[in-house]
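**Q** Take a look and give me a structure for this.
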Amino acid sequence: MSLDFNADEVFEIAEQIERNGAKFYRSASERVDDENSKKFLIELAEMEDEHEKTFKTLRSELTTNEKIMTTFDPEGDTEKYLRALADTRVFYEKEINTSSMEEILKTAITAEKDSIVFYLGMKDVVPVNLGKEKLDRIIKEEMNHISILSKKLLSIK
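**A** Sure thing, here's the model as predicted:
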């Protein structure tokens, strides 16, 4: 038996991933001494905050059809499952190597890549009539983060 998810459920998890990302960047900023690095990490946290707002807006604009529950789930197990994925696979609580800004950026790039893989996987379980194409917006935002992080990493090497 396979489960289908709708765009509403995925956007909800995207919001959680963005909250986790903002927390990650703020925590990392508290562990570095260089003021420029602190500022950059805070800016990344603020970008994550903005992405969360963007995803909330996109979620509020979903059609009724894109919010239809696809399975009988009176206990909310689908939401619990997706939340657990968000909290354990992307920007999850773990020891951050703050020995250098380079290590922080490598960790962040890995987390952003993990989020893209997560969303690409979710595209396989969100049918077209439940908002599949809207997931491309999330993926594009995450790819932009990788670009920003990669440029910063190259600039400090």
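
**Q** Point out where the protein drops to low pLDDT.
**A** Applying pLDDT under 70 to the chain flags the ranges 1-5, 65-96, 98, 130.

**Q** Sticking with Glu15, tell me its helix or strand.
**A** Using DSSP states H and E, Glu15 falls within helix 7-29.

**Q** how big is the angle separating the longest helix seen in the chain from helix 7-29?
**A** In the chain, with assignment by DSSP state H, the single longest helix is helix 35-60. Interaxial angle of helix 35-60 relative to helix 7-29 (axes from the mean of the first three to the mean of the last three C-alpha atoms, to 10 degrees): 170 degrees.

**Q** list the helices and strands helix 35-60 packs on?
**A** The helices and strands touching helix 35-60, judged by 3 or more C-beta pairs under 8 Å, 6 or more residues apart in numbering; DSSP states H and E, are helix 7-29, helix 101-123, helix 135-156. From N, CA and C alone the C-beta is placed, and that goes for glycine too.

**Q** What is the helix holding Glu15 packed up against?
**A** By 3+ C-beta pairs under 8 Å, 6+ apart, helix 7-29 packs against helix 35-60, helix 77-89, helix 101-123, helix 135-156.
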